[in-house]
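>>> Fold the following, please.
(one chain, ligands or ions: 1)
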Amino acid sequence: MEKNLFQKLPKVDILMKSEKLEEISKKMSYHNYYQAVKDGIEFFRNKIKNREITDFTEDEVISKIKEISGIKSRPNLRRVINGTGTIIHTNLGRSILNEKITEDLGEILLNYSNLEYDLETGSRGSRYSHIEKLICDITGAEGALIVNNNAAAVILCLNEFANGKNTIVSRGELVEIGGSFRIPEIMKLAGTTLKEVGTTNKTHVFDYEDNIDEETAVLLKVHTSNFKIIGFTEEADKKDIAELGKKYEILTMEDLGSGVLVDFSKYGLPKEPTIQESIKSGIDIVTVSGDKLLGGPQCGIILGKKPLIERLKKNQYLRAFRVNKITISILENIFQYYKDEREAIKEIPILNMIIEEKGKVLERAEKLSAILKERNIENSIIETESKIGGGSMPEETVASYAICFTGDAVLLEKRFRGNDIPVIGRIKNDHFILDAKTLREKDFEEITGAAERIFL
Ligand SMILES: *Cc1c(COP(=O)(O)O)cnc(C)c1O
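Numbers count the residues shown, from 1 in each chain. Okay, here's the model as predicted:
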């Protein structure tokens, strides 16, 4: 019996020519197709060996091969559905963009562009020129420069302005962000010596002043974006640091991190320091991330006095940290939106989600819940809290609603995650939930399909 079953297994080379597989064979490379057919047959060989089946048809083998080839031909970097409620989720790719931006980007990627070509003179141009003026108009800075990310921005600036000299930082601001960005390590890389001043909970302006000597090159302020020191605390005001810098002719710099251009407190959210405020305070150099609260592409943006930005453009590190055309194209669109705050909130998905009212989130949760119920999938709506994320607004949460499923939470989490388009949720009070704050209506079809495969 078993022997007959083995003999019934189709041969690889014959099966590869099967008409039933013609369509998928055209879509795949020869190597992947060959592997898929081999793996499909192997799957049934094992089933026979382990006595898990007593018979099978050729159609069953074909269907298995189709399933395997689907997995083999999908890319490793894939789209997922974010049901975690964390809006700027570093593990899930931080900010997301709208369609108009991807269309403009496609135009740049599918064609040649004027990336480093001056169309006026017909000669070599600078990749940084396309967006500098726009960024300056929006932020109020005199000059701007874009690099690969904010970590690179900080290294580049400290290397240019403090290499071989000292940089003064408050003990309360020696932060670590995301496990790999630690201010003391970054300083070493940039070639500057860290001089810590003040205490963990309190640093006054005189702490900076008392430590200034002929070796001091930079007074650095770091925004403690991913944690909060509460209680008996004090930090030096950036205005006072800027003034101190002017008095001693020492450069002042702020690593602001999240890069906020909109005053969130106007929308009933916690106040986050804005880029415009930092520039106005008189600080010479400000650095921010492009893909946190700014809602743009991964990049670091350096803002500051014109002669300082010009010096940075000549630093050799810039060649290694330079941005590509993808970043420049996306960032130009993002800053265009910021010309009008209402437009920015409408068009930048991250801002839209952050500011969206609780009532709207509930509406979305109710809609998904009803669709699921229509398909006989038991669920309820619970109140929950979403996070802004991205190392910003520590401890602060925004009210939200989530779909709560019935059943083994650990198992459900795993099975939703294993969906073809993975659905990532979280476990709250032993229940698997999908937070509607970060779900979009275009995800509903896929979520419902996944739920049906899991529950029914
Ligand atoms: C996020 C952050 C960084 C690191 O920025 P990347 O763009 O991720 O390199 C550095 N400093 C602060 C204060 C941050 O918040």
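>>> Point out the residues in the chain that sit beside the ligand.
Contact residues (C-beta under 6 Å from any ligand atom) of the chain with the ligand: 149-151, 177, 181, 222-223, 225, 255, 257-258, 289, 300, 391. Quick note: C-beta positions are derived from backbone N, CA and C, even for glycine.
>>> What is the neighbour count of the closest residue to the ligand within the chain?
Minimum separation of the chain from the ligand (C-beta to the nearest ligand atom) falls at Gly257, amounting to 2.4 Å. By other C-beta atoms under 10 Å, 26 other residues sit near Gly257.
>>> For it, name its beta-bridge partners.
Applying DSSP bridges to Gly257 gives these bridge partners: Val288.
>>> Select the longest helix from this protein.
helix 30-49 (DSSP state H).
>>> Check which helices and strands that one is in contact with.
helix 2-8, helix 12-15, helix 22-27, helix 58-72 (3 or more C-beta pairs under 8 Å, 6 or more residues apart in numbering; DSSP states H and E).
>>> thinking again about what came up before, turn the residues of the chain next to the ligand into JSON lines, columns for pLDDT.
Formatted as JSON lines, those follow (pLDDT from 0 to 100):
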{"residue": "Asn149", "pLDDT": "94"}
{"residue": "Asn150", "pLDDT": "94"}
{"residue": "Ala151", "pLDDT": "93"}
{"residue": "Ile177", "pLDDT": "71"}
{"residue": "Phe181", "pLDDT": "81"}
{"residue": "Val222", "pLDDT": "93"}
{"residue": "His223", "pLDDT": "89"}
{"residue": "Ser225", "pLDDT": "66"}
{"residue": "Asp255", "pLDDT": "95"}
{"residue": "Gly257", "pLDDT": "89"}
{"residue": "Ser258", "pLDDT": "86"}
{"residue": "Ser289", "pLDDT": "95"}
{"residue": "Gly300", "pLDDT": "97"}
{"residue": "Gly391", "pLDDT": "65"}
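>>> For Gly191, state which of those is nearest.
Proximity of these to Gly191 (C-beta to C-beta) peaks at Ala151, which lies at 15.4 Å.
>>> contacting residues around Ile135?
Contact partners of Ile135, counting by C-beta atoms under 8 Å, 6 or more residues apart in numbering, are 141, 144, 301, 303, 335.
>>> In this protein, which strand is the longest?
strand 392-405 (DSSP state E).
>>> what are the C-alpha coordinates of the helix or strand following that strand, in PDB please?
Along the chain past strand 392-405, the next helix or strand (assigned with DSSP states H and E) turns out to be helix 409-417. C-alpha atoms of helix 409-417 as PDB (Å, rounded to 0.1, in the frame of the first residue of the first chain):
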ATOM      1  CA  ALA A 409      -4.800  35.300  22.900                       C
ATOM      2  CA  VAL A 410      -1.300  33.900  22.300                       C
ATOM      3  CA  LEU A 411      -2.500  31.600  19.600                       C
ATOM      4  CA  LEU A 412      -4.600  34.300  17.900                       C
ATOM      5  CA  GLU A 413      -1.700  36.700  18.000                       C
ATOM      6  CA  LYS A 414       0.500  34.100  16.200                       C
ATOM      7  CA  ARG A 415      -2.100  33.200  13.600                       C
ATOM      8  CA  PHE A 416      -3.000  36.800  12.600                       C
ATOM      9  CA  ARG A 417       0.800  37.400  12.400                       C
END
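>>> just to revisit the earlier point, what about burial for the contacts of Ile135, which qualify?
Neighbour-count burial (16 or more other C-beta atoms under 10 Å) is assigned, among the contacts of Ile135, to 141, 144, 301, 303, 335.
>>> that older thread, average pLDDT across the longest helix of the chain?
Across helix 30-49, pLDDT averages out at 94.
>>> what does that helix rub up against?
Applying C-beta under 8 Å, 6+ apart, the external contacts of helix 30-49 come out as 2, 5-6, 9-10, 12, 15-16, 21, 24-25, 28, 53, 56, 60-62, 64-65, 68-69, 72-73.
>>> one step back: where's the residue of the chain closest to the ligand relative to Ile275, distance?
11 Å (C-beta to C-beta, to the nearest Å).
>>> ok, and the closest non-adjacent residue to Asp255?
Computed as C-beta to C-beta, 6 or more residues apart in numbering, the closest residue to Asp255 that is not its neighbour in sequence is Val222, at 4.6 Å.
>>> do the same with Thr199
Sequence neighbours aside, Arg171 is the residue nearest to Thr199 in space, at 5.6 Å (criterion: C-beta to C-beta, 6+ apart).
>>> can you pull the contacts of the one you found?
Arg171 neighbours (C-beta under 8 Å, 6+ apart): 196-200, 203.
>>> can you give me the strands for the stretch 351-456 of the chain?
379-389, 392-405, 423-424, 426-428, 431-435 (DSSP state E, counting those that start in this stretch).
>>> Just give me the lowest mean pLDDT stretch among the ones you listed.
Of all the strands of the stretch 351-456 of the chain, strand 392-405 carries the lowest average pLDDT, namely a mean of 84.
>>> give me the number of residues near the closest residue to Ile65 other than its chain neighbours?
Ranked by C-beta to C-beta, 6+ apart and with sequence neighbours excluded, the top spatial neighbour of Ile65 is Gly40, at 3.5 Å. Other residues lying near Gly40 total 24 when counted by other C-beta under 10 Å.
>>> for Ile62, same thing?
Neighbours of Ile62 (other C-beta under 10 Å): 18.
>>> Let me know whether it touches Ser18 as I believe.
Yes - with contact defined as C-beta atoms under 8 Å, Ile62 and Ser18 form a contacting pair (6.9 Å).
>>> Asn98 against Ile348, yeah?
Yes - if you go by C-beta under 8 Å, Asn98 and Ile348 touch, sitting 7.4 Å apart.
>>> Please say which of these two ends up with more neighbours.
Higher neighbour count among Asn98 and Ile348: Ile348, with 26 against 16, using other C-beta under 10 Å.
>>> Return the backbone torsion pair for the closest residue to the more buried one other than its chain neighbours.
Excluding its sequence neighbours, the residue lying closest to Ile348 (C-beta to C-beta, 6+ apart) is Gly295, at 3.9 Å. Per-residue torsions, Gly295: phi 80, psi 20 (degrees, to the nearest 10).
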